[in-house]
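# Quick one, fold the following:
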Amino acid sequence: MLLSVWAVGFAAELEVVRRTVPEMTPVELKPAAKLNLKQVPECSALWASTLHPGVFWTLSDSGNKPEIVPVRADGSPIIGPAGPWSGVTLKGLKNTDWEALSADGQGNLILGDVGNNLSRRKELGFYVFKEPVLGSKEIPEFRKVSFSWPDQTVYPDPEIAHDCEAMFVVRGRLYLLTKHRRDTLTDLWRADLPAVGEQATLTKIARFDAKGMVTDASVSPDGKRLAILTYRLAWVFDLPATGEAFFQGPAKAAPLSPPLLSWQLEGCAWLDAQTLLIGSEQGDLFKLPLAALRDAQ
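Below is the predicted model of the structure:
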């Protein structure tokens, strides 16, 4: 049964969508591959390339190099024209707190400089650029679009509810899911990037009880399903044909049990139509078949 309650948020009243996680033994995640930690010190996002089948883009968060790194699900090297292909640097940028990757469906990647662990940052942003071709070493041209959270008026936010690590695109529109530190809720925001200009417009759409801190999200290749990852739980929702009621339709979920030393699950992408690829900050890649999830009420 789908439950909804009214909750008073930081600046507005929102209906909280609550779904019941199925009672089941947590799915034991076993490493399917290991990333090169010199190339990817902290896997903080995953996105399945459309330009390079079988390749996934990842990045490391704050304090690491300003680059995106191509990887394979089996951890094998990617060979370009000049040999093994590693990180692609966004020229002239600093990795303030890069946490998310998505794409606009027009050949561009969208990188989210959206990390905000203590809710202190007044300005966050996106970088939009063409997906790199095989063997590229540098991304010299990109567009920056800035934003701030419309409902945040105090810095830092005492509720620590304005962090973000999850970003996805549905029908050409960009969405963010917040990561809260004092509760298990997440806010869904639509981020409208202007055709011209450098400031995005954010609109809060919904609030969902994710039962944990949301660390990534990904839409299936056919655009019909949305996967949402927390440190200990995976959700998969059937997306509506129209509208933005992403949490209301049929859903599946499963509690997850990763290895003790690989507990920070922060990357999620679709390996194929029936399998999720999950990455940990410690460098492990896991395969999660949808068959392991059960119906959520």
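# Can you verify G63 is assigned to a strand?
No: checked against DSSP: H, G, I helix; E, B strand; the rest coil, G63 lies outside a strand; its state is coil.
# which ones are touching it?
N95 (Cβ atoms under 8 Å, 6 or more residues apart in numbering). C-betas here are computed from N, CA, C, even on glycine.
# Any figure for the gap between it and A206?
Noted for G63: a distance of 32 Å to A206, by Cβ to Cβ, to the nearest Å.
# in the stretch 51-200 of the chain, which spans are strands?
When assigned using DSSP state E, counting those that start in this stretch, the strands of the stretch 51-200 of the chain occupy the ranges 55-58, 67-72, 79-80, 83-84, 88-90, 100-103, 108-113, 124-130, 138-139, 143-147, 163-170, 173-179, 185-192.
# These: which one's closest to E198?
The stretch from the strands of the stretch 51-200 of the chain with the least distance to E198 (Cβ to Cβ) is strand 143-147; that distance is 5.8 Å.
# what mean pLDDT would you report for stretch 202-214?
Regarding stretch 202-214, the rounded mean pLDDT is 98.
# Can you give me the buried ones in it?
Neighbour-count burial for stretch 202-214, with 16 or more other Cβ atoms under 10 Å as criterion, is recorded at 202, 204-214.
# Widest-spaced pair of these?
Within these, L202 and K211 form the most distant pair, 24.4 Å apart (Cβ to Cβ).
# before we move on, the earlier item: turn the buried residues of stretch 202-214 into JSON lines, including secondary structure.
Formatted as JSON lines, the buried residues of stretch 202-214 follow (three-state DSSP):
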{"residue": "L202", "secondary structure": "strand"}
{"residue": "K204", "secondary structure": "strand"}
{"residue": "I205", "secondary structure": "strand"}
{"residue": "A206", "secondary structure": "strand"}
{"residue": "R207", "secondary structure": "strand"}
{"residue": "F208", "secondary structure": "strand"}
{"residue": "D209", "secondary structure": "strand"}
{"residue": "A210", "secondary structure": "coil"}
{"residue": "K211", "secondary structure": "coil"}
{"residue": "G212", "secondary structure": "coil"}
{"residue": "M213", "secondary structure": "coil"}
{"residue": "V214", "secondary structure": "strand"}
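# from the residues you listed, which is closest to Y175?
Of the buried residues of stretch 202-214, the one sitting nearest to Y175 (Cβ to Cβ) turns out to be I205, at 7.5 Å.
# correct me, but V71 touches F56?
Yes: if you go by Cβ atoms under 8 Å, V71 and F56 touch, sitting 5.4 Å apart.
# So for the two, which residue has more residues nearby?
Set V71 next to F56 and count neighbours by other Cβ atoms under 10 Å: V71 wins out with 27 against 24.
# per-residue pLDDT, the more buried one?
98.
# what sits against it?
Counting by Cβ under 8 Å, 6+ apart, V71 touches 35, 39-40, 55-58, 78, 285.
# just N64 next, same as before
So N64 contacts 41-42, 95, 98 (Cβ under 8 Å, 6+ apart).
# Same check on T203?
T203 touches 189-190, 192, counting by Cβ under 8 Å, 6+ apart.
# so which of the buried residues of stretch 202-214 comes closest to L177?
Taking those together and measuring to L177 by Cβ to Cβ, the closest member is V214, at 4.7 Å.
# Now do the closest one against Q264, distance only.
Counting by Cβ to Cβ - V214 and Q264 are separated by 13 Å.
# And for G112?
Distance from G112 to Q264, by Cβ to Cβ: 18 Å.
# more neighbours, the two?
Shown here are G112 and Q264; by other Cβ under 10 Å, G112 has more neighbours (24 against 17).
# Correct me if wrong: the more buried one contacts A103.
No: using Cβ under 8 Å, G112 is not in contact with A103; the gap is 11.8 Å.
# quick revisit: tabulate the contacts of N64 (a markdown table), appending distance to L229.
Output for the contacts of N64, formatted as a markdown table (distance: Cβ to Cβ, whole Å):
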| residue | distance to L229 |
| --- | --- |
| P41 | 20 |
| E42 | 15 |
| N95 | 21 |
| W98 | 17 |
